[in-house]
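>>> Sequence and predicted structure, then a few things I'm wondering about:
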Amino acid sequence: RIFNSWVGAFEVQEYYGAYHVKVSGAPFNDAYRYVDWLLTVPLLLIELILVMKLPAGETASMGTKLGLASAVMVALGYPGEIQGNLGVRWF
């Protein structure tokens, strides 16, 4: 379903071997991307900590902090992404 959002959101046309991309006006569903990031970003950070082979207590503490912080970062980014007014994003 995410690929259908890409196909519907853009129009690609070829002119003499060059491709031109235009926005079709159909909205792209950003929620798919953010749900993916909400799962993968914390897991990648936790994996990085596990690979470092830190002591168990430090691993648990750092994994919890980074996992929660990255999930909050992604969750708070979504409302900014769906804003229609760009002035709200960069105040």
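The structure has been received and is ready for your questions.
>>> Look at V21 and tell me its secondary structure.
Assigned state for V21: strand (three-state reduction, DSSP: H, G, I helix; E, B strand; the rest coil).
>>> and stretch 29-41, which residues are buried?
Going by neighbour count (16 or more other Cβ atoms under 10 Å), the buried part of stretch 29-41 is 29, 34, 37-38, 41. Bear in mind the C-beta positions are built from the backbone N, C-alpha and C, glycine included.
>>> Now do the buried residues in the top helix by length along the chain.
In terms of residue count, the longest helix belonging to the chain (DSSP state H) is helix 56-81. Residues of helix 56-81 classed as buried by neighbour count (16+ other Cβ under 10 Å): 62-63, 66-67, 70-71, 74.
>>> Disregarding residues adjacent in the polypeptide, which is nearest to L50?
In space, and not counting its chain neighbours, L50 is closest to T59: 6.7 Å by Cβ to Cβ, 6 or more residues apart in numbering.
>>> From V41, how far off is that neighbour?
18 Å (Cβ to Cβ, to the nearest Å).
>>> on that earlier part again, check contacts around the residue nearest to L50.
Shown in contact with T59 (Cβ atoms under 8 Å, 6 or more residues apart in numbering): 49-50, 52.
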